[in-house]
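Colleague: predicted model and sequence below, questions to follow.
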Amino acid sequence: MVALANGRPCENRIILKSFEKLQGKVELPKVVFHSLRHSSTTYKLKPNHGDLKATQGDIGHAQINMITSAYAHILDEDRKINVQKFESAFYANPDLRSVRPPEEPKEPALATLDLEALVEQLRKSPELANTLASLLASAPSEK
């Protein structure tokens, strides 16, 4: 909403007339006034990295899909940056002959229990022995 100096709402025709006058004065391209809302919304999405909720709250729409379908325009500048990023990542290693698919995980070997090493660890660490004893005491018994 735009207000006059006395606080009353400004009529559309006054806004449009002033906008057309400004376009002629500073040699702006001929666009409709509402296109400024589109541009504003698009450029608000850039610095906040596409935060739709923040932009939605700022422009006052109840539905996010209004932003994605009507206001968020693709900018050529962003498209060029995306192409440059892709080319850098894809062509970073142009010789792809040495690239191999990842190996399939091998089946883990069955763990073998070394009772002597376990007993030695329990002798060296009374805390470990106590923890193991309390775990065994609280475990459900098999009958």
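Modeller: Arrived safely, thanks for sending.
Colleague: ranges for the strands of the protein?
Modeller: Counting by DSSP state E, no segments of the chain form strands.
Colleague: the lowest-mean-pLDDT helix or strand in it packs against which elements?
Modeller: For the chain, using mean pLDDT, DSSP states H and E, the weakest element among its helices and strands is helix 76-90, scoring a mean of 76. Judged by 3 or more Cβ pairs under 8 Å, 6 or more residues apart in numbering; DSSP states H and E, helix 76-90 is in contact with no other helix or strand. In short, each C-beta sits where N, CA and C put it, glycine included.
Colleague: residues making contact with that helix?
Modeller: Contacts of helix 76-90 with the rest of the structure, by Cβ atoms under 8 Å, 6 or more residues apart in numbering, involve Lys46.
Colleague: list the buried ones in it?
Modeller: Buried residues in helix 76-90, counting neighbours by 16 or more other Cβ atoms under 10 Å, are absent.
Colleague: just the helices in the chain please.
Modeller: Taking DSSP state H as the criterion, the chain carries its helices at 12-26, 35-45, 52-59, 64-66, 76-90, 115-124, 126-138.
Colleague: is it possible to export these to TSV including distance to Arg97?
Modeller: Formatted as TSV, these follow (distance: least, Cβ to Cβ, whole Å):
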stretch	distance to Arg97
helix 12-26	57
helix 35-45	41
helix 52-59	43
helix 64-66	46
helix 76-90	15
helix 115-124	46
helix 126-138	52
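Colleague: among those, which comes closest to Pro101?
Modeller: Of all those, it is helix 76-90 that lies closest to Pro101, at 17.3 Å by Cβ to Cβ.
Colleague: and the angle from the closest one to helix 35-45?
Modeller: On the basis of axes from the mean of the first three to the mean of the last three Cα atoms, to 10 degrees, helix 76-90 is oriented at 30 degrees to helix 35-45.
Colleague: then helix 76-90 to PDB, C-alphas only?
Modeller: Provided in PDB are the C-alpha atoms of helix 76-90 (Å, rounded to 0.1, in the frame of the first residue of the first chain):
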ATOM      1  CA  ASP A  76      20.800 -15.400 -16.600                       C
ATOM      2  CA  GLU A  77      23.600 -14.400 -14.200                       C
ATOM      3  CA  ASP A  78      22.700 -17.400 -11.900                       C
ATOM      4  CA  ARG A  79      22.500 -19.800 -14.900                       C
ATOM      5  CA  LYS A  80      26.000 -18.700 -16.000                       C
ATOM      6  CA  ILE A  81      27.400 -19.300 -12.500                       C
ATOM      7  CA  ASN A  82      25.800 -22.800 -12.400                       C
ATOM      8  CA  VAL A  83      27.400 -23.700 -15.700                       C
ATOM      9  CA  GLN A  84      30.800 -22.500 -14.500                       C
ATOM     10  CA  LYS A  85      30.500 -24.500 -11.300                       C
ATOM     11  CA  PHE A  86      29.500 -27.600 -13.200                       C
ATOM     12  CA  GLU A  87      32.300 -27.200 -15.700                       C
ATOM     13  CA  SER A  88      34.800 -26.700 -12.900                       C
ATOM     14  CA  ALA A  89      33.700 -29.800 -11.100                       C
ATOM     15  CA  PHE A  90      33.200 -32.000 -14.100                       C
END
